[in-house]
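S.K.: 3D, please:
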Amino acid sequence: MAGIGKTTLAKLLCKEIEKKNLYGVVAWVCVSDDFDERKILKGVLEYLDQNAGGIDNIDVLLKRLEEKLEKKTFLLVLDDVWNEDSSTWATFVNRVLKIMKTSGNSIFVTTRNERVASSLAKFLPLHEHHVQKLPEDDCWLIIKEKVFGSATSSISDQHLEAIGRDIAKNCGGLPLIASVLGGTMRVVRGVDEWLSIKESNVWNSEDGNQVLRILKLSFDHLPSHLKKCFSYCSIFPKDFDIKKDDLVQLWMAQGFLYPSGEETMEDIGNKYFNDLLSNSLFQDVERDKYGKIQTCKMHDVVHDLAVFVSKNETLILKNGSIGENSCIRHLRVLSSAQVDPTVLRGVAPKLHSLFSKVGLCSMSQHLKSIRSLSLKGADVDQLPASLGKLKHLRYLDVSKTNIEALPKSFTKPYSLQTLKLIGCYHLQKLPDELRNLISLKHFYFDNPNLMPREIGHLTSLQTLSLFAVGKEKGYWIDELGPLSQLGGALRICNLQFVRSQSEASRANLKQKTKLHELSFEWNENEGGYNHHEEVLEGLQPHQNLRSLAIDGYKGENFPSWLDLGLLPSLQVLIINGMEKVKCMGSKFYLNRSNTASSSRGGIPLFPALKELCMHNMNSLEVWAEIEDMVVFPRLEILQMRSCPSLKTWTMGGFSSQHKLSDLHISFCQKLMAIPNIDGLLSLKRLSIYSCENLICLPSGLGTCISLQSLFIWYCSSLISIVEDIGRWHSLTDLAVSHCEKLVSFPEECLGHLTHLKMLNMGPFYSELEEFPGLTSIHHLHASLETLELYGWDKLKSLPHQLQHLTTLKKLELRAFHGLEALPEGLGNLSSLATLSIEYCNKLKSIPENIGELRSLTVLIIRNCKELRSFPVECLGGLTN
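M.R.: Got it, this is the predicted structure:
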């Protein structure tokens, strides 16, 4: 039954599965009514690798998937499946099983059709779960939460509550209906309006489309402006990730949005979006790290509603057949469609929107009414010369195409509001006349070579993804000055061509109140001027800034505007390639005029900062504490990478008052100590990589009882591990690897880590004759799934406790050069799916009970030079 919560339940289960790391890979594909094997496999691959688009050959898809899934357990979720054909399932299941090389894989299907389950049961062991309808009281709680903001709210008007409960009863136990109607009832919160919903004839509908008709009841209560915006969403395929900003720009192009007072069209569009979201017509929103909504989806039944109310004005073309086309205003042509150019020419003159994965053929000159045109990802290398004649065109997206040039007439559509040129790697230059697009509000491109001349003429711009400073006038940074409406994120590169602080200040960034993310980049390979400190001082942003990245800066100090709370909203700071700084202390942070004012108590440095990344600071030797100053009070993520000269680090001293959850330190070869983290209960992830002079782990690490993962690699001076690691009951991943001076590991503590799933250890001090720390490993028999051990010359045996690890799925043994035989208990590892034995130079034989590993799917034995015998007769038992 539609709307009962199958997909919602599946998503909740997947989140829990991913949280507990039950599968190595979880891939989700919405199938809907079109069970296209190629489309499903392609969807899985793109889910695993966003850069893997464009592959259509099934054999290539299968090979790439096999590579991606090698040695990994796999859960494939097929949502909203309708296919009942047994032969189609047979082919699909057979192919999927071939790419799953390990055991313990699963396929999870949601469907409204029991015959789908019956067909699938012929080929795979099946467990069915029938989602039950909600009780009436639960439907009422959903409605109350939508209407009043809380399911526990009390209602003073008992008559209104009685009507609401009757409506909840009519929802038939379907949470989708309760949620959508609740959104409507929130807007029309009166007795008469609720009575009209309760007494509607749709509750008595028996035509098989009752759910759709009840949702239509909610649509009917929308104001006219929201009806237009909602019905337009039928242009997106089912389960499509709808980008919020993109949707608002499309509404704007269609003329659905009108500015009001100080509110822009974008402000109005965002309000309309939130209204539809409140009505539960949008769902599954994804937000960025600042809480801003990035994408959403539509429930498949809600999508059916959008198609229904669009009154045949919208068509998603799948097979090249359009049929009656006189009403079509919005058309999406899928890449798999076989398109008849004559058919498209017939519908073109009345089209307001065209989204096509194939070329325009000869239809472009007929697009007289087109407002939105997207060829994103289409296989085209040139655009028609008639593009400039599309006088109504307001939205153009040719991202990820192979176009080499824009037609000369391109700059004539003066109504163009949105232009997208992301990933156009064959496009080398934009016409100078781009400055004539005076209505342009949103301009996206990512290639500095495409920087248009005199962009300062485009004073309506609100979005500019990139500004590349040039040597010639028209490309100077002062072109940013007149663009007072710029907002969102802006990357400014080639700052080496800015000549002075005064020139930089003419970009007028300080007055751009809507800019929330800035990236400043210098590239010394291109020549230019060496005025880094003066230029950065002149680039002072507005205090609303949330994210700042500085790359290639060769100054020795921070600018004055980056301290003393002048950026109170800054949450992310990324510094890369600041090569001249030797000491980060009070002089660095509180430079120039601010040094004198540093005595102002109560003003913390970086008061809102949550993420700090410092990379490639080759000369940094000291990161010092600042006396009498509060620094980074809200920091959650700290990354230090490639600071090879760093010796002294006293900044920090994190305690229970801090919120640090992620600490990553790598390639700080001279660092000897890390500040105290005693009582840092927020810490969840700590990784230390290639810190060759680090003698000990940070003091107080044992008190960090929320720790979930600890990775220590290539710390060749590390001697010991803290004794109280047994308190880390939340730890799931532990790696202590390639620490050649480590002589001790707390023996009994490892057995207390009862949630540990992955353990990677060794090699340690080469004179040790036993592997330290593993005597209690048998206590992990219910949790440990992956064990990777690296040996050394004097180790001649493995701990016998390994045989008790019955949940172990993966065992890797490497470089045990003194090991002559594997333990006989190896055959007890009944869950083992992968066994890898490599570089064990003295290993002479493999135990016969290897044939008892019935779950084994991958067996690797490599570079074991003394191996003389192998129980070949036992291989017959390894049927997987």
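S.K.: Any figure for the gap between residue 303 and residue 785?
M.R.: Here the criterion is CB to CB, to the nearest Å. By it, residue 303 lies 39 Å from residue 785. In this view, the C-beta of every residue, glycine as well, is placed from N, C-alpha and C.
S.K.: which is the next helix or strand following the helix or strand bottoming out on mean pLDDT in the chain?
M.R.: Within the chain, no helix or strand scores below helix 586-589, which has a mean of 70 by mean pLDDT, DSSP states H and E. Toward the C-terminal end, the helix or strand that comes next after helix 586-589 (DSSP states H and E) is strand 611-615.
S.K.: so what does that next one touch, helix or strand wise?
M.R.: strand 572-576, strand 637-641 (3 or more CB pairs under 8 Å, 6 or more residues apart in numbering; DSSP states H and E).
S.K.: would you turn the ones you listed into TSV with mean pLDDT, distance to residue 848 and mean neighbour count?
M.R.: Converted to TSV, the helices and strands packed on strand 611-615 look like this (pLDDT from 0 to 100; distance: least, CB to CB, whole Å; neighbours: other CB atoms under 10 Å):
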stretch	mean pLDDT	distance to residue 848	mean neighbour count
strand 572-576	95	56	18
strand 637-641	95	48	19
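S.K.: wait, which of those is closest to residue 291?
M.R.: strand 572-576 (13.2 Å; CB to CB).
S.K.: Centre of the chain to that closest one, how far?
M.R.: For strand 572-576, the separation from the chain centroid amounts to 20 Å (computed by CA atoms, centre = their mean, to the nearest Å).
S.K.: What strands flank that strand, and is each parallel or antiparallel?
M.R.: strand 547-551 (parallel), strand 611-615 (parallel) (DSSP bridges).
S.K.: which residues are contacting it?
M.R.: With CB atoms under 8 Å, 6 or more residues apart in numbering as the test, strand 572-576 has contacts from 289, 517, 546-553, 606, 609-617.
S.K.: again, only using 10 Å
M.R.: 289-290, 517, 519, 521, 545-553, 558, 562, 567, 581, 584, 606, 608-617, 632, 635, 637, 639, 641-642 (CB atoms under 10 Å, 6 or more residues apart in numbering).
S.K.: Which parts of the stretch 751-880 of the chain are strands?
M.R.: Under the criterion DSSP state E, counting those that start in this stretch, strands of the stretch 751-880 of the chain are mapped to 758-762, 786-790, 810-814, 834-838, 858-862.
S.K.: Return the list of strands paired to the fourth one, each annotated with direction.
M.R.: Note on strand 834-838: by DSSP bridges, its sheet partners are strand 810-814 (parallel), strand 858-862 (parallel).
S.K.: Please identify the deepest-packed of those strands.
M.R.: strand 810-814 (a mean of 20; mean count of other CB atoms under 10 Å).
S.K.: Off-centre distance for that strand?
M.R.: Centre to centre, stretch against its chain (CA atoms, centre = their mean), the figure for strand 810-814 is 31 Å.
S.K.: avg pLDDT for it?
M.R.: The pLDDT scores in strand 810-814 average 94.
S.K.: For residue 87, which of the strands of the stretch 751-880 of the chain is the nearest?
M.R.: Residue 87 sits nearest to strand 858-862 of all these, at 31.0 Å, using CB to CB.
S.K.: In the stretch 101-250 of the chain, where is pLDDT below threshold?
M.R.: Low-confidence segments of the stretch 101-250 of the chain (pLDDT under 70): 101-103, 205-208.
S.K.: what do you get for the stretch 301-450 of the chain?
M.R.: Residues of the stretch 301-450 of the chain meeting the criterion pLDDT under 70: 319-321, 323-326, 335-343, 361-362.
S.K.: residue ranges for the strands of the stretch 201-350 of the chain, please.
M.R.: Going by DSSP E, counting those that start in this stretch, the stretch 201-350 of the chain shows strands at 242-243, 283-287, 293-297, 314-317, 330-333.
S.K.: Tell me the strands beside the shortest one, with direction?
M.R.: It refers to strand 242-243. The pairing partners recorded for strand 242-243 under DSSP bridges are strand 293-297 (antiparallel).
S.K.: Next, the buried residues of the partner strand.
M.R.: 293, 295, 296, 297 (16 or more other CB atoms under 10 Å).
S.K.: can you check stretch 472-485 too?
M.R.: 475, 476, 477, 478, 479, 480, 481, 483, 485.
S.K.: likewise stretch 147-156?
M.R.: For stretch 147-156, burial by neighbour count (16+ other CB under 10 Å) applies to 147, 148.
S.K.: next one: stretch 484-492
M.R.: Residues of stretch 484-492 classed as buried: 485, 486, 487, 489, 490, 491, 492 (neighbour count, 16+ other CB under 10 Å).
S.K.: Let me see the contact set for the third one.
M.R.: To tie it back to what came earlier, the one meant is residue 487. For residue 487, the contacting residues are 264, 266, 461-464, 512-517, 544, by CB under 10 Å, 6+ apart.
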